[in-house]
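Need a 3D model of the sequence below.
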Amino acid sequence: MTAAASNAAAAELVGALFDVIYALRRDHGEPSATMPVLVRLSVTGPVRAAELADALHLDQSTVSRHVCTLEGDGLVARDTDPADGRAQLVRLTPSGEAAVAVMVADRVGRFEAAISGWPENDVETLARLLHSFIDGLTAQDRNPE
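Residues are numbered from 1 along each chain as shown. Here you go, the predicted structure:
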């Protein structure tokens, strides 16, 4: 593959990934900008805002705004860090946990509907390629050049 073809294919992949994100968010009334915060907290449990910002590759001020919004909506709460009384941990509230469960169930349903007519080996190939792609991105994060 030539460099030009490789660049075109990569640009097409970026466009396709944005299309996937927009298609999943469209008309579902979810807090799209804050959703990654909720999902990350559902995976990690309570964490400091700085750790959350690191994990999401966002600056602390952005995460702080998202946390404030989510706190106002009753979806997250802040607690004193038992390991360091000066720091706070951000955690999901029961309402936040319920919101994440609804979002995940919605996504699973939409994924299942989108691939319902696919042969099983195509689904397995897509999963394998996506995992390989994510591994490549993760390796870049660990070894920035």
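
Select the helix or strand of this structure having the lowest average pLDDT value.
Across the helices and strands of the chain, mean confidence by mean pLDDT, DSSP states H and E is lowest for helix 3-25: a mean of 78.

That one: how far from the chain's middle?
17 Å (C-alpha atoms, centre = their mean, to the nearest Å).

for it, packing partners?
Contact partners of helix 3-25 among helices and strands, from 3 or more C-beta pairs under 8 Å, 6 or more residues apart in numbering; DSSP states H and E: none. Quick note: C-beta positions are derived from backbone N, CA and C, even for glycine.

May I see the buried residues of it?
residue 24 (16 or more other C-beta atoms under 10 Å).

and the angle from whichever strand or helix holds residue 132 to helix 3-25?
Element membership for residue 132 (DSSP states H and E) is helix 120-142. Inter-element angle recorded for helix 120-142 and helix 3-25: 110 degrees (by axes from the mean of the first three to the mean of the last three C-alpha atoms, to 10 degrees).
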